[in-house]
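> Build me a structure from this.
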Amino acid sequence: MEKPSIAEIREEAQEKFGLMPGFFEETGSYTTAPAAVYLIADEALLKGVLTRREQQAVLIELARYHNSRYDAVVHARMALDAGVPAQTVGHLLDGEAVDDDRLQALVEATRLSCERRAWFSPNELKELRQRGVQRGDLYEIFAFTGMKKMTAFTHHISDFSVEAPLRPLDKRMGDRFQQPADPKRQRLFMG
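As a prediction, the model looks like this:
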């Protein structure tokens, strides 16, 4: 497989998203590999076990966890477009519990997988299963985690702008997702 050109990435992104995401513009200045990986993974995950609503809840939690304003704005818009109520989107952005049991279980599974690096205890896995979170759900959460780390980390070092169609939503988000004073996370030690 040949490395795609920035023109090919731009064309595919325009066809798929209706615009060239800032993440693709930023990385494409140096390498097109991240954008190509993102496009392929996104296409595969759209056909996965999680519904669009569920995907967006997971992605908002990942944006929140990684403190990525860019991802939060993008996925808040996509969640609204997928039929997630605005109040639920607000709760997700703020890390608050939501009324939808399935979405809440997936958000908690996402958070726990990040915090514990997926070193779930047998009891945690059992509890997740009892709440309806299956292995396929977890594996898709892990795939989304990789994608969101890539976009969030890129945004953290480059600070590319939110695309014009998303700026009104970006303004409504206020001061959510600003750079933390101390961005280090506590390291998990196995004991």
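
> where do the helices sit along the chain?
For the chain, the helices defined by DSSP state H cover 6-17, 22-28, 33-46, 52-65, 69-81, 86-93, 101-115, 122-130, 135-158, 167-172.

> Buried deepest among these, which one?
Ranked by mean neighbour count, those are led by helix 52-65 with a mean of 24 (mean count of other Cβ atoms under 10 Å). From N, CA and C alone the C-beta is placed, and that goes for glycine too.

> center of the protein - which residue?
residue 59 (3.0 Å; Cα atoms, centre = their mean).

> Spatially, which residue comes closest to that one, not counting chain neighbours?
Excluding its sequence neighbours, the residue lying closest to residue 59 (Cβ to Cβ, 6 or more residues apart in numbering) is residue 75, at 4.2 Å.

> list the contacts for the nearest residue to residue 70 once chain neighbours are set aside?
Once flanking residues are discounted, residue 70 sits nearest to residue 155: 4.5 Å by Cβ to Cβ, 6+ apart. By Cβ atoms under 8 Å, 6 or more residues apart in numbering, residue 155 lies in contact with 22-23, 68-71.

> which two from those end up farthest apart in space?
23 and 69 (12.7 Å; Cβ to Cβ).

> Now stretch 29-42: average pLDDT?
The average pLDDT within stretch 29-42 is 91.

> just how off-centre is it within its chain?
Once both centres are worked out by Cα atoms, centre = their mean, to the nearest Å, stretch 29-42 turns out to sit 15 Å from its chain's centre.
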